[in-house]
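In: Sequence first, then the predicted structure, then my questions.
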Amino acid sequence: MDGSKSRLPKPSGIRLPQNRPKPLTENKANVLEHRAITTASRLALHRRSKSVSDLRSLMDRPRMVPKINSILGTKAAAAAAATAAVKVAQKRKVEKGSDEVKPKVMKHAKIPDWDYKSRFNQLREKHTVLNENYKKQLEKLQDVEDLETKYEEIKKQHETLEQKSVILSSKNLDLTKDNKLFKTQISERLKKNYETLKQNYDELVEQERKNTERIEKLTAVNEALESSLQDLTENHEILTMKHEKLTAEHSAMRADYEKMLVDNKSLNDDLEKEKEKCVQLSDHVSNLKKDVYSSEILRRRLHNTVQDLKGNIRVFCRVRPPISAEEEERLQCLINYIDEKSFEIRKSRESVSAISGKPNDLKAEFALDRVFDPNSTQNEVFEDLSQLVQSALDGYDICVFAYGQTGSGKTYTMQGEPGDEAGLIPRTIDLIFNSIGNLQRTGWTYDVKASFLEIYNENVRDLLNPTSGQNLEIRYNEGKGTTVTNLIIQSITSARELKTWMATAHQNRAVAATDFNEHSSRSHAVTKIYLQGYNEDTNTRYVGSINLVDLAGSESAKTSANERLTETKSINKSLSTLGSVMLALYNKEKHIPYRNSKLTYLLQSSLGGSSKTLMVVNISPFEDCYMETINSLRFAAKVKEVKMVAKRNKTNLPSVIGKT
Ligand SMILES: Nc1ncnc2c1ncn2[C@@H]1O[C@H](COP(=O)(O)OP(=O)(O)OP(=O)(O)O)[C@@H](O)[C@H]1O
């Protein structure tokens, strides 16, 4: 609805008075109207000149209404007149615009003035006609009045509608604003909803993609599961069959079990009896153990007495065989093995002295503790040492030297080769762990450790840690014996482990040297095994050790090349000091020159009175080695003469392992 107020058209030609009279009742109005018309008629009659048509024309003009009013003298008359005028005007208007038939007034022949009666009748007819017209007009007027009322009502309705329109306009404005706001909000909300929906849509698309992938995977899994289900079904069938078989077996076993229960009962009875016997036997065993222990003590004592009787420094000689066709070609000394301990050695041909012209006496005879000819096996050489290994387990310090010129077989004797050719060191290791196993049965437990070092050019090097660069110093302490600072002393639990460490040491010795054969023949290699035994039953502890020394070649400086002179001097120094020490011990001198070389200082405990020493002097059989052979044998003979009294390191207190 637009804002312009629509107005209803007012009836044209009607001018309503400003102060409208109060509405009259119908009867009163009729009376008044009738009176007005009558008055008007009278007036017309009175003036004579005025006809009804004049009155009509008078009334037709609204401005004449007040005049009529004044004539009538009452407001009611005026109102009636006005109403009549309005009705007339309306009638005229209607007459103008329509073909409505006007009430017909009878036209009469002119009546003479004196004929009042006719005139009266005529007038009465006219009056009757007019009265009818009047009534009709009244009806029409009533209609008009009704129209007015309707107009008022419509106007009121119009105003009400206008007010409503205004309210509605304002509401419309508010609603427009609200609508705009609502539109904006809705738009934003829709936008947000759209974005959310879009996001949801994207997520759903992504979800769908993932779901598709999952479905594909699940389909694959499902297929795999179906196939495994098939397998499982087959397995299940097999298992069911097995289960049935096992159930049958179980039943059979149950029957056996029942039977065994019965047997078990009788066995339990037997067991009780056996237990009683066991207790008796246990007592017997503990008595036997005591006997074994005392026998063990006796055995050890006897064993070591025998060893003492054999001499605490034993010297063996081993002659190596030629090992190649080339060596077979070389001239060999003639060796006459007189018995197990003595032999003669001479050059193959007699030479004549250039000075005296007499034949040189190139024959020499030596008596040592044992002589091994070239056919002797590694096991035969080890046999005697094995007795000393037992002594080491009984708490003695043992020292084994391999002495001899380069190539005479020292390393072969000490290390040997794998298998039957194994030398003294691997055989010693095996024997130690076998003996430990046997001794465990009589209540002994042993703690075994090992160290590996070499002395080269009067420097000590740890073969388990050759690149450490740490200074290894030899220290001697009267109570603890000899120790080497920073030396690795490795704990060992088995023969195999000890051999592995030995191989590592050998490898490290080889890696450090540019020419291993040269290097090994010019350095002393010392393998030391530390043994600590403990018997819990008797609270007895023994601490022993075995030094296994592969000495450098003993050839003299005269036979060495010039460039090797320094090395040879170092070697000679240690070996000649070894000789001096042996001589001093032989002469029972007060001062023994152990400190004159690293080797003798290191082996002080072993060379001194408290150790059992075995020296294997290796000699080459070749004639060109004769002089070196004789020197070695002379040194061996001197050593053999040294007498020592070995002491056992027995203690009931924990001992310090690691002393050298
Ligand atoms: N009794 C033996 N039976 C068989 N072969 C031996 C025997 N003794 C030594 N040999 C062999 O002789 C060679 C030299 O021996 P070996 O290397 O042990 O001498 P070495 O005295 O240790 O020498 P070096 O001082 O240079 O170390 C080696 O090939 C070794 O296998």
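Out: All right, it came through fine. Residues are numbered from 1 along each chain as shown.

In: Pull the contacting residues for Asp624.
Out: By Cβ atoms under 8 Å, 6 or more residues apart in numbering, Asp624 lies in contact with Arg330, Leu331. For the C-beta atoms, the positions are set from N, CA and C on the backbone; glycine is no exception.

In: State the three-state secondary structure for it.
Out: Secondary structure state of Asp624, per DSSP: H, G, I helix; E, B strand; the rest coil, is helix.

In: for His524, same thing?
Out: Of the three states, His524 takes strand under three-state DSSP.

In: who does the residue lying closest to it once chain neighbours are set aside bridge with?
Out: Closest residue to His524 apart from its sequence neighbours, by Cβ to Cβ, 6 or more residues apart in numbering: Ile455 at 4.5 Å. Judged by DSSP bridges, the bridge partners of Ile455 are Val460, His524.

In: My understanding was that Ile455 contacts Arg522; is that so?
Out: No. The pair Ile455 / Arg522 is not scored as a contact, 10.3 Å apart, by Cβ atoms under 8 Å.

In: Looking at those two, which has the bigger crowd around it?
Out: Higher neighbour count among Ile455 and Arg522: Ile455, with 25 against 21, using other Cβ atoms under 10 Å.

In: follow-up on the earlier one: for the residue nearest to His524, what are its contacts?
Out: Arg461, Ser523, His524, Val526, Ser574, Lys598, Leu599, Leu602.

In: pLDDT score assigned to the closest residue to the first one other than its chain neighbours?
Out: Ranked by Cβ to Cβ, 6+ apart and with sequence neighbours excluded, the top spatial neighbour of Arg461 is Glu454, at 5.3 Å. The predicted structure scores Glu454 at 91 on the pLDDT scale.

In: So what's the residue count around Glu454?
Out: Look at Glu454: counted by other Cβ under 10 Å, it has 24 neighbours.

In: How about residues contacting stretch 529-539?
Out: 289, 293, 392-393, 395, 428-429, 432, 439, 442-451, 489, 498, 540-546, 548, 652, 655, 657-658.

In: hmm, try it at 6 Å
Out: Where contact means Cβ atoms under 6 Å, 6 or more residues apart in numbering, the residues beyond stretch 529-539 that reach it are 392-393, 443-447, 449-450, 541-546, 657.

In: Of those residues, which pair is most distant in space?
Out: The largest distance within the contacts of stretch 529-539, taken as Cβ to Cβ, falls between Gly443 and Ala450 and amounts to 24.5 Å.

In: of these two, who's got more company?
Out: Regarding Gly443 and Ala450, a neighbour count based on other Cβ under 10 Å identifies Ala450 as having more, with 21 against 16.

In: Could you list the paired strands of the host helix or strand of Ala364 along with their orientation?
Out: Taking DSSP states H and E as the definition, one finds Ala364 inside strand 363-367. With DSSP bridges as the test, strand 363-367 is paired with strand 342-346 (antiparallel).

In: Okay, buried residues for the strand it pairs with please.
Out: Phe343, Ile345, Arg346 (16 or more other Cβ atoms under 10 Å).

In: contacting residues around that strand?
Out: Strand 342-346 has contacts (Cβ under 6 Å, 6+ apart) with Cys333, Leu334, Ile335, Asn336, Tyr337, Leu362, Lys363, Ala364, Glu365, Ala367, Val371.

In: how does it look with 8 Å?
Out: Around strand 342-346, the neighbours that count as contacts under Cβ under 8 Å, 6+ apart are 317, 333-338, 362-368, 371, 626, 629-630, 633.

In: Low-confidence stretches in the protein?
Out: Within the chain, the ranges that satisfy pLDDT under 70 run 1-109, 307-311, 348-362, 469, 510-520, 556-571, 609-610, 643-660.

In: and the chain, which of its residues are near the ligand?
Out: Proximity of the chain to the ligand, by Cβ under 6 Å from any ligand atom, involves residues 320-321, 323, 404, 406-412, 517, 520-521, 553, 618.

In: Run through the residues that contact the residue nearest to Arg461.
Out: Counted by Cβ under 8 Å, 6+ apart, Glu454 has contacts Val460, Arg461, Leu463, Arg509, Ser523, His524, Ala525, Val526.

In: Show me how the protein divides into domains.
Out: Segmentation of the chain into domains, based on automatic domain parsing, reads 26-168, 311-651.

In: who wins for proximity to Leu225 among the ones you listed?
Out: In terms of Cβ to Cβ, the element of the domains of the chain nearest to Leu225 is domain 311-651, at 51.4 Å.

In: same for the helix or strand that Thr305 is a member of, what does it pack against?
Out: Using DSSP H and E, Thr305 sits within helix 116-310. Contacts defined by 3 or more Cβ pairs under 8 Å, 6 or more residues apart in numbering; DSSP states H and E place helix 116-310 against helix 26-47, helix 75-97, helix 378-393.
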